[in-house]
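[1] this one's sequence-less:
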């Protein structure tokens, strides 16, 4: 049980750290944090931190973090055009086929 709680807290902390970095980058770039994709930001941060861990030169960390922030700004989400149709709830798939009456 303690291991499960630790994993849940670790995931929550990682999620909030990614969101915090997105907010900091958005403030520097003077855009909304919602303009940055969470999935892209997560992948960029994961990639850059993997390289930061592989290079054992701690003097390079500030430049690596700066490069990561620049990549986050360049990967801003492209605005999608507005919806043409309202969202609808799809009907559940029928379990058995049914006959349609010929009228």
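    The structure has been received and is ready for your questions. All of these numbers come straight from a predicted model, not from anything done at the bench.
[2] can we go C-alpha only for contacts and neighbour counts from here?
    OK.
[3] For residue 12, the count of nearby residues, please.
    When neighbours are defined as other Cα atoms under 10 Å, residue 12 has 11 of them.
[4] Next, the contact list for it, please.
    Neighbour list for residue 12: empty [criterion: Cα atoms under 8 Å, 6 or more residues apart in numbering].
[5] That one in helix, strand or coil?
    In three-state terms, and counting by DSSP: H, G, I helix; E, B strand; the rest coil, residue 12 is helix.
[6] State the mean pLDDT of the one helix or strand residue 4 maps to.
    Secondary structure assignment for residue 4, by DSSP states H and E: helix 2-29. Taken as a whole, helix 2-29 has a mean pLDDT of 92.
[7] mind listing what's buried in it?
    The neighbour-count check on helix 2-29 (16 or more other Cα atoms under 10 Å) flags 18-19, 21-23, 25-26 as buried.
[8] Which members of these are the farthest-apart pair?
    Using Cα to Cα, these span at most 12.2 Å, a distance reached by 18 and 26.
[9] Enumerate every residue touching the spatially most central residue of the chain.
    Geometric centre of the chain, nearest residue: residue 38, 1.8 Å, by Cα atoms, centre = their mean. Under the criterion of Cα under 8 Å, 6+ apart, the neighbours of residue 38 are 18-19, 22.
[10] Dump the buried residues of helix 2-29 into a markdown table; add distance to residue 73 as well.
    Shown next, in a markdown table, are those (distance: Cα to Cα, whole Å):
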| residue | distance to residue 73 |
| --- | --- |
| 18 | 14 |
| 19 | 14 |
| 21 | 11 |
| 22 | 9 |
| 23 | 11 |
| 25 | 7 |
| 26 | 8 |
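[11] now the helices for this structure?
    With helices called from DSSP state H, the chain shows them at 2-29, 38-54, 61-74.
[12] Please convert those helices to TSV, extending it with distance to residue 100.
    Output for these, formatted as TSV (distance: least, Cα to Cα, whole Å):
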stretch	distance to residue 100
helix 2-29	50
helix 38-54	45
helix 61-74	54
